[in-house]
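J.: predicted model and sequence below, questions to follow.
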Number of protein chains: 2
Amino acid sequence: MTGPKPVPGPVDGVATMWGDEDAAVERILKLTERIFGPPPSGELWVGDDAAVVEVTSPLLLSCDAVVEGVHFDLAFSSLEDVGWKALTVAVSDIAAMGGCPTHAVCTMAVPQGTDVERLAAGVAEAGAEWSCRIVGGDLTSASQIVLSVTVTGRLHGTAPAVRRSGAAPGDELFVTGPLGASAAGLRNLREGAREGALVDAHRRPRARLAEGMAARRAGVSAMMDVSDGLALDLRRLAHASGVGVALFGVPVAAGATESEALGGGEDYELLMATRDPDRLAAAFQAAGLRPPLHIGACTADVSECTLEGRPMPLLGWQHAIGRPASQRSS
Amino acid sequence: MTGPKPVPGPVDGVATMWGDEDAAVERILKLTERIFGPPPSGELWVGDDAAVVEVTSPLLLSCDAVVEGVHFDLAFSSLEDVGWKALTVAVSDIAAMGGCPTHAVCTMAVPQGTDVERLAAGVAEAGAEWSCRIVGGDLTSASQIVLSVTVTGRLHGTAPAVRRSGAAPGDELFVTGPLGASAAGLRNLREGAREGALVDAHRRPRARLAEGMAARRAGVSAMMDVSDGLALDLRRLAHASGVGVALFGVPVAAGATESEALGGGEDYELLMATRDPDRLAAAFQAAGLRPPLHIGACTADVSECTLEGRPMPLLGWQHAIGRPASQRSS
């Protein structure tokens, strides 16, 4: 991958250059057909102006992006890993509502010379894993790789989607698994490791779809995925619900540090609040899932955000954006 | 806007930086609520892991992206223009199927210091114009601005969506308006112009929604939007349909050149094939639209692509992507 550089395009006026965008789209169409088969009658997938798909209402709709140098480093992740991650982090948002994914479209903005088929193969591989058909996309030039995936999802049964904002004081807090594995995996990669469970957690995150659906069946009051670190995402859930939070501990993945568990992000475990922990545990057991991990409770003091009685460390990732240039610090 | 530069992020390990992503999301939520009102009962828009929206089936689904330095230059377009364009080009894909947009989600990948509210204001302004509610998105750091918009759409009535692939030999070809205005507008901007119809065409493209719906009602056999230049998009329609094409002329926008009309792209007029031109004209008239412009016909010779009897110039834009680095030129 070359570094950022100027990219020719329509802004250069009347373009006379014939690239291979159409050829790439043709190959991606063949690749997706190989994995997902032909579209059912009445549907239309990759290759036209828009896809046509059968859906149920209400529809879940979410987009998420991964950016080179921000969410991945090609020294540590293959192009297939990048495609996998882009689809999976978008699917994770569907999991966090208690739904299951149905279709996805993917924008791939890439520098010249990028093997887009390998990116698309990773997207499609993850689509097959999460039963999410890739039905369209957009290919464009850019100076760094940006993959933006939009996933549609459905809700089984009649219960509403699980929001972030439904937690109440007294609700117990759970996560679907130990945290920090992705950050620890990246640290290990930097130190020369090239395989292992932590490295896999960084390169090939998992979406907790079965867990999200079980949690919704169990009537959890609030849920979200832990994408930016527990310390930050917990604050988001608390803020949306108007509650405080008191954790008695944080489950740290084997080989990770507590800081990585609190602030590393990209674990994609689900954070859940419930007033009926037994029902949650039973739903997980019935689905053959490992038991949810109890980490604390919601409180009535909205200013409270504590870990073992002490203030929660200010860890977690937020993108530094939104400040007008005039206010930019040096 | 600063040039490309390294961006800190989760790949730097445990992040301790607190940016203003959440504050920006909060302001964008307020902005979209001001324009679109609160979500109807049972729906959920910006601010949770995924949006929840009521839809009808089949659903149209399309994504499109605009990239700084490729699709726009901030010397000539404001951030609001960029947001407008990102939403409008995605809506244009829905128009090209004969549908109308319902909901959109938008990924905004931006360098630090970008005023994302101005981008979001442009997206929302276009959303209001095209009756497309902005229901979610993703904010992330990047070294250049990339906006990727996914739009969902619906089809009124029971006729299927209009594909690119339905044209047959003998079908007549039409476009919804003269071409080349966007490229001419950019040329004028480069030469110092700051206003006028051509400049507006470049900064604030229009989606031909009413035209697309009228064309579908009139039973056109194939349709697509002219986003990459007529010369290229015509070849795409011909290739998908398995026909040749013979044009007797190209309608050039006032102030544009024929090259700009054939290869400039970004006009977003619709290209239509029909075996019943009278019915098409009647449908446009009934809808109060300017008459479609007759440009030629489809032929049985798939190798034919001519303008006034001569080979069609090789103009039009394709992104140069897909070649592995080892095959990269220079």
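T.: Nice, thanks for sending it over. Numbers count the residues shown, from 1 in each chain, chains lettered A, B, ... in the order given.

J.: every contact and neighbour count from this point should use C-alpha atoms.
T.: Will do.

J.: can you pull the poorly scored residue ranges out of chain A?
T.: Counting by pLDDT under 70, chain A has low-confidence residues at A:1-20, A:317-330.

J.: tell me which element the most centrally placed residue in it falls in.
T.: For chain A, residue A:89 is the residue whose C-alpha lies nearest the centre (CA atoms, centre = their mean; 1.8 Å). Element membership of residue A:89, judged by DSSP states H and E, is helix A:79-95.

J.: helices of the stretch 51-200 of chain A, start to end?
T.: Ranges of helices in the stretch 51-200 of chain A, per DSSP state H, counting those that start in this stretch, are A:79-95, A:116-129, A:181-190, A:197-203.

J.: Serialize those helices to a markdown table and add fields for distance to residue B:145.
T.: Output for those, formatted as a markdown table (distance: least, CA to CA, whole Å):
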| stretch | distance to residue B:145 |
| --- | --- |
| helix A:79-95 | 18 |
| helix A:116-129 | 20 |
| helix A:181-190 | 26 |
| helix A:197-203 | 25 |
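
J.: so which of the ones you listed is the most surrounded?
T.: Most buried of the helices of the stretch 51-200 of chain A, by mean neighbour count (mean count of other CA atoms under 10 Å in any protein chain shown): helix A:79-95, with a mean of 29.

J.: that helix near chain B anywhere?
T.: Yes: if you take CA under 8 Å from any CA of the partner chain as the test, helix A:79-95 does meet chain B, through A:93, A:94.

J.: again, but for stretch A:33-41
T.: No: using CA under 8 Å from any CA, stretch A:33-41 never reaches chain B; the gap is at least 11.3 Å.

J.: so residue A:264 makes contact with residue A:187?
T.: No: using CA atoms under 8 Å, residue A:264 makes no contact with residue A:187, being 10.4 Å away.

J.: what's the burial count for residue A:41?
T.: By other CA atoms under 10 Å in any protein chain shown, the residues close to residue A:41 number 8.

J.: reduced to three states, what does it come out as?
T.: Following DSSP: H, G, I helix; E, B strand; the rest coil, residue A:41 is assigned to coil.

J.: ok, residue A:197 - contacts?
T.: Taking CA atoms under 8 Å, 6 or more residues apart in numbering or on different chains, we find residue A:197 in contact with residue A:185.

J.: distance-wise, check it relative to residue A:181.
T.: Going from residue A:197 to residue A:181 by CA to CA, to the nearest Å gives 8 Å.

J.: could you do residue A:98 as well?
T.: Residue A:98 sits 23 Å away from residue A:181, taking CA to CA as the criterion.

J.: just to revisit the earlier point, elements contacting the helix holding residue A:89?
T.: strand A:59-67, strand A:100-110, helix A:116-129, strand A:146-154, helix A:197-203, helix A:209-217, strand A:222-225 (3 or more CA pairs under 8 Å, 6 or more residues apart in numbering or on different chains; DSSP states H and E).

J.: what's the angle between it and strand A:59-67?
T.: If you take axes from the mean of the first three to the mean of the last three CA atoms, to 10 degrees, helix A:79-95 sits at 150 degrees to strand A:59-67.

J.: can you count the residues close to residue A:25?
T.: 21.

J.: tell me which element it is part of?
T.: Going by DSSP H and E, residue A:25 is part of helix A:21-36.

J.: pull the CA atoms of stretch A:196-213 into CSV?
T.: The C-alpha coordinates for stretch A:196-213 follow below in CSV (Å, rounded to 0.1, in the frame of the first residue of the first chain):
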residue,chain,number,x,y,z
GLY,A,196,-2.8,-17.0,18.7
ALA,A,197,-6.2,-16.3,20.2
LEU,A,198,-5.5,-12.7,20.9
VAL,A,199,-4.1,-12.0,17.4
ASP,A,200,-7.3,-13.7,16.0
ALA,A,201,-9.4,-11.5,18.2
HIS,A,202,-7.8,-8.4,16.6
ARG,A,203,-7.9,-9.6,13.0
ARG,A,204,-11.2,-11.5,13.0
PRO,A,205,-13.6,-10.0,15.5
ARG,A,206,-16.8,-12.0,16.2
ALA,A,207,-20.4,-10.5,16.2
ARG,A,208,-22.4,-11.8,19.2
LEU,A,209,-25.6,-12.5,17.2
ALA,A,210,-26.8,-15.5,19.2
GLU,A,211,-26.1,-13.7,22.4
GLY,A,212,-28.0,-10.6,21.3
MET,A,213,-31.0,-12.5,20.3
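
J.: residues touching the closest residue to residue A:97 other than its chain neighbours, list them.
T.: Of all residues not flanking residue A:97 in the chain, residue A:162 sits nearest, at 4.7 Å (CA to CA, 6 or more residues apart in numbering or on different chains). The contact partners of residue A:162, taken as CA under 8 Å, 6+ apart, are A:96, A:97, A:98, A:216, A:220, A:221, A:222, A:223.

J.: would CSV of these with neighbour count be doable?
T.: Shown next, in CSV, are the contacts of residue A:162 (neighbours: other CA atoms under 10 Å in any protein chain shown):
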residue, neighbour count
A:96, 34
A:97, 32
A:98, 31
A:216, 26
A:220, 26
A:221, 22
A:222, 27
A:223, 31
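
J.: burial of residue A:78, as a residue count?
T.: Residues within reach of residue A:78, counting by other CA under 10 Å, total 16.

J.: which strand residues bridge residue A:64?
T.: residue A:149 (DSSP bridges).

J.: kind regards, and thank you for your time.
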